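J.: Return a 3D structure for these sequence lines:
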Amino acid sequence: MEKDKKIVAFINGDPTGERETSSSAYFTRSFEKFDYKGAPVFGFQWNWMSFLFGPIYMMWRRRYWEGALYALLSLPLSWMLLVVPFLNGTLIPWIMNWSYRRHKAKAEKFFPGNEADQLAYLSKVGGTNKNVIIIAAVLAGVSVFIWLLVLIIAAIAAASMASAYYY
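T.: Sure thing, here's the model as predicted:
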């Protein structure tokens, strides 16, 4: 399989497109399934990280608007236990491919014939943002703390009401 420098630049955030990792190799194989002789096709590709983390994974991959929109659109389905994770695992890889194609087309339009600038642009809009993980962890910790606080207050209130009932 030939290394596609543009995919490597977009996935790894590497402006040279040379630093191939297992992640960029995975996305190169994955993106091939969404392509038929240069034309985009819809297909299913499974991704465990998107299955487990969904919109947080998209935001970690610097797809902020897509992740926020996907989270809002999947909220009505969240009552069905496994539907949203299944959609995460199958649709998010397609959304990542769509986003790559969109940014690749922009790079080729704005920097025609200049591969170095195209790679630099793709690395700037792609890559990962580790701050998203930190923010998600802090928000999860705060929400767990608030839920525990609510449960403790509810238990104290229930105990005081029970003791007042027996006097």
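J.: Now do the longest helix seen in the chain, average pLDDT.
T.: Determined from DSSP state H, the single longest helix within the chain is helix 131-166. Mean pLDDT, computed over helix 131-166, is 89.
J.: buried sites along it?
T.: Under the neighbour-count criterion of 16 or more other Cβ atoms under 10 Å, helix 131-166 has 132, 136 buried. (C-beta placed from N, C-alpha, C; glycine too.)
J.: From residue 139, how far off is the closest residue in space to residue 128 that isn't next to it in sequence?
T.: Nearest residue to residue 128, sequence neighbours excluded (Cβ to Cβ, 6 or more residues apart in numbering): residue 60, at 5.6 Å. According to Cβ to Cβ, to the nearest Å, residue 60 and residue 139 sit 14 Å apart.
J.: How about residues contacting the helix or strand of the chain with the lowest mean pLDDT?
T.: Sorting the helices and strands of the chain by mean pLDDT, DSSP states H and E puts strand 39-40 at the bottom, at a mean of 76. With Cβ atoms under 8 Å, 6 or more residues apart in numbering as the test, strand 39-40 has contacts from 34, 97, 98, 101.
J.: Kindly report the same for stretch 49-62.
T.: Contacts for stretch 49-62 (Cβ under 8 Å, 6+ apart): 47, 64, 66-68, 70-71, 74, 84-86, 88-89, 92-93, 95-96, 125-130, 132-133, 136.
J.: From these, list the buried ones, please.
T.: Buried members of the contacts of stretch 49-62, scored by 16+ other Cβ under 10 Å, are 47, 66-67, 70-71, 74, 84-85, 88-89, 92-93, 95-96, 125-128, 132, 136.
J.: Can you give the distance from stretch 113-132 to the centre of its chain?
T.: Once both centres are worked out by Cα atoms, centre = their mean, to the nearest Å, stretch 113-132 turns out to sit 16 Å from its chain's centre.
J.: Straight-line length of it, end to end?
T.: 34 Å (Cα to Cα, to the nearest Å).
J.: now the chain, which segments are flagged as low pLDDT?
T.: Within the chain, the segments meeting pLDDT under 70 span 1-3, 164-167.
J.: residue ranges of the strands in it, please?
T.: Here the chain has its strands, by DSSP state E, at 35-36, 39-40.
J.: Show me the one of those that comes nearest residue 149.
T.: Residue 149 lies closest to strand 39-40 among the strands of the chain, at 48.6 Å (Cβ to Cβ).
J.: wait, what's in contact with residue 21?
T.: 11, 12.
J.: Against residue 7, how distant is it?
T.: 11 Å.
J.: I'm done for today, thanks for sticking with me.
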